[in-house]
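**Student:** Predicted model and sequence below, questions to follow.
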Amino acid sequence: MSTSQHRASLASAQNALTFRNVLFAADFTAASNNAWWYALALASHFRSKLFVAHVLSPTAYVSVPPELLGEAKNRTMLEAKARMAQLQQRQRGATRLESEALLREGDIAEVLLGLVPEHNIDLVVVATRGHRHLKRLLLGSVAEKLFRQASCPILVVPGQARMSSDQVFRIGRILCPTDFSPASSAALGVAILLSREYDAQLTLVHVAAGTVLHSTEEMHRVTDSIKDRLGQALTSAHGLAYAPRLEAAFGAPAEAISRVAAEYQSDLLVVGVHSMGPAQAHQYERTAYRVIRWSQCPVLTISISSKKGPESTGRSRVGAFPGAKNARR
């Protein structure tokens, strides 16, 4: 991606970030209940309409005898409506927040993906039970399908990113990993806008995976080269409250990114991912997948088509943004 292309992709998003409609995927698990507070905090901050969606999967009735199927579905439907109502009542002080419950039946991921265009969703919030010491399957095919296939940003809240009802979600430190791909450039554009919105400290990191270093001098040369390139990527990052941090890291990408995120106590990771079909997405663990599994904070994924150029970042449907704040030194 050329410098001119990068600047054009960021300019198209500049002063244009808002989340008018936020979709929260509720499954009433402990992880989902924890993610609710993040969805509520973001919707309150951006004065969004919050859609609370629960999908009843047909697989829940596989062991139910045919003669009892109707009664079982009706009972499950009533219970789900009651639990969604209880969830909507847990809005802390956000009494003016508009919310709407959506109860659907079908394949969970497919239904949620369909709700995005149906309700003009700008952000989806979903929980995952993924943990760095647990098997890959625990991350869940729903979260993976969403951040690989949705046409809007997805906030994935790992189970270890804990938040209680008496806490306030403050985004003071944002980490944006980059491999200098179009997907990373799209993520950087959003990270810059969020840094302006929250007066947050932005850290940009590139991991020199597979680099063999033979001396301290060589490590310094590689580090300086990476930081120079990171600085070039930030040519449009004006109006930030703090000067961005530029970091070079070494080792396996996911582990290195997690290490930097922990070092700076990041509140949010913004990661670019390539969209792809479900079969392709499950072939092997990709870096974004592992980053989410290891993360101690929420991860905002920005997806662009692997077959399109940087202009496809417009799929995120960002809207009017109130404007950049004055920089503080």
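**Tutor:** Okay, I see it.

**Student:** Give me the residue ranges of this protein where confidence is low.
**Tutor:** Scanning the chain for pLDDT under 70 picks out 1-16, 61-62, 91-95, 129-141, 164-166, 212, 276-285, 305-329.

**Student:** secondary structure class for the closest residue to Phe24 other than its chain neighbours?
**Tutor:** Using Cβ to Cβ, 6 or more residues apart in numbering and skipping residues adjacent in sequence, the residue nearest Phe24 is Ala39, 4.0 Å away. Just so you know, the C-beta spots here come from the backbone N, C-alpha and C atoms, and that holds for glycine as well. For Ala39, the assignment made with DSSP: H, G, I helix; E, B strand; the rest coil gives helix.

**Student:** what residues are up against Ala39?
**Tutor:** Listed by Cβ atoms under 8 Å, 6 or more residues apart in numbering, the contact set of Ala39 reads 22, 24, 50, 125, 155.

**Student:** go with 10 Å
**Tutor:** 22-26, 32, 48, 50-52, 99, 123-127, 155, 157, 169 (Cβ atoms under 10 Å, 6 or more residues apart in numbering).

**Student:** Against Gly210, how distant is it?
**Tutor:** Taking Cβ to Cβ, to the nearest Å as the measure, Ala39 falls 38 Å from Gly210.

**Student:** Leu68 now?
**Tutor:** For Leu68 relative to Gly210 (Cβ to Cβ), the value is 57 Å.

**Student:** Repeat that for Val22.
**Tutor:** 39 Å.

**Student:** who has more neighbours, the two?
**Tutor:** Val22 (26 against 9; other Cβ atoms under 10 Å).

**Student:** Now do the same for that one: helix, strand or coil?
**Tutor:** strand.

**Student:** Please verify my assumption that it contacts Ala35.
**Tutor:** No. Val22 is not in contact with Ala35 according to Cβ atoms under 10 Å; the separation is 11.8 Å.

**Student:** what do these two both touch?
**Tutor:** 125, 155.

**Student:** Report how many residues lie close to Glu110.
**Tutor:** When neighbours are counted by other Cβ under 10 Å, Glu110 comes out with 15.

**Student:** and it, how far is that from Ala150?
**Tutor:** 11 Å.

**Student:** next one: Pro182
**Tutor:** For Pro182, the distance to Ala150 - Cβ to Cβ - is 17 Å.

**Student:** and if you look at Ala186?
**Tutor:** For Ala186, the distance to Ala150 - Cβ to Cβ - is 14 Å.

**Student:** same thing with Asp122?
**Tutor:** Asp122 is 11 Å from Ala150, by Cβ to Cβ.

**Student:** more crowded one of those two?
**Tutor:** Per other Cβ under 10 Å, whichever of Asp122 and Ala150 has more neighbours is Ala150, with 25 against 22.

**Student:** Tell me which residues touch the more buried one, please.
**Tutor:** 23, 109, 112-113, 115-117, 121, 123-124, 126, 275, 301, 303, 315-316.

**Student:** now with 7 Å?
**Tutor:** 113, 116, 124, 303 (Cβ atoms under 7 Å, 6 or more residues apart in numbering).
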